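Peer 1: Provide a 3D model corresponding to the input given below.
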Amino acid sequence: MTNILVIHGPNLNLLGTREPEVYGGDTLATIDESLAEQAKQVGVKLEAFQSNDEGEIVNRIQQAAGKVDIVIINPAAYTHTSVAIRDAFLATQIPFVEVHLSNVHAREDFRRQSYLSDIAVGVIAGFGINSYLLALEAAAKHCKQSAKKR
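Peer 2: The predicted structure is shown next:
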């Protein structure tokens with residue numbers, strides 16, 4: 001069975017109250033519940049993790065090596081600043097999908113720079129909660145295609 005880890009970055013624990021005009025009204029719990037439901041439908045095992053701390057995110061990526069098939073990550077503000085998260089993915093060689101609730105390319109200039117996009121399997125942004133659901137579907141398909149190639 002495919003094992004998928006979802007990592008939610010800083011301030012995503014405030015979803016539902018944090019800038020709903022940008023991020024929508026869904027809470028992190030709603031997102032995780034929707035992902036868990038979809039994971040059952042597509043037949044994958046799913047674990048979710050949220051942290052506001054860059055080091056905890058790096059640790060979680062390192063701990064996932066050899067245990068998960070792919071990561072779905074919304075690095076939030078760390079998208080634009082974290083070489084450490086980038087290096088964790090390069091070191092572990094875990095494939096990942098970068099996800100964003102908002103369309104980061106339609107926002108402030110600094111949000112258009114990602115330290116992760118160029119090493120990600122793919123990037124999904126701008127669809128609110130559906131960004132995560134699309135990422136889960138894409139991640140599951142990516143793992144099935146990769147397994148066929150082996």
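Peer 1: list the buried ones in the host helix or strand of residue 47?
Peer 2: Counting by DSSP states H and E, the element that carries residue 47 is strand 45-50. The neighbour-count check on strand 45-50 (16 or more other CB atoms under 10 Å) flags 46-50 as buried. In this view, the C-beta of every residue, glycine as well, is placed from N, C-alpha and C.
Peer 1: gap between it and the chain center?
Peer 2: 10 Å (CA atoms, centre = their mean, to the nearest Å).
Peer 1: next up, the contacts around the residue nearest to residue 52 when sequence neighbours are not counted.
Peer 2: Distances taken as CB to CB, 6 or more residues apart in numbering place residue 10 nearest to residue 52, at 4.3 Å, with adjacent residues excluded. Listed by CB atoms under 8 Å, 6 or more residues apart in numbering, the contact set of residue 10 reads 51-54, 76-78.
Peer 1: who wins on neighbours among these?
Peer 2: residue 78 (25 neighbours; other CB atoms under 10 Å).
Peer 1: residue 146: neighbour count?
Peer 2: 14.
Peer 1: what's the angle from the helix or strand hosting it to strand 45-50?
Peer 2: Using DSSP H and E, residue 146 sits in helix 129-149. Computed with axes from the mean of the first three to the mean of the last three CA atoms, to 10 degrees, the direction of helix 129-149 lies at 130 degrees from that of strand 45-50.
Peer 1: low-confidence stretches in this protein?
Peer 2: 18-24, 106-108, 110-112, 150 (pLDDT under 70).
Peer 1: packing partners of the helix holding residue 146?
Peer 2: Under the contact criterion of 3 or more CB pairs under 8 Å, 6 or more residues apart in numbering; DSSP states H and E, helix 129-149 touches strand 3-8, helix 28-42, strand 70-74, strand 96-100, strand 122-125.
Peer 1: enumerate every residue touching residue 57.
Peer 2: 7, 9, 51, 75, 78, 82, 85, 88.
Peer 1: the last one and residue 61 touch, don't they?
Peer 2: Yes - with the criterion set as CB atoms under 8 Å, residue 88 and residue 61 qualify as a contacting pair; they are 4.1 Å apart.
Peer 1: so those two - more neighbours on which side?
Peer 2: Set residue 88 next to residue 61 and count neighbours by other CB under 10 Å: residue 61 wins out with 24 against 21.
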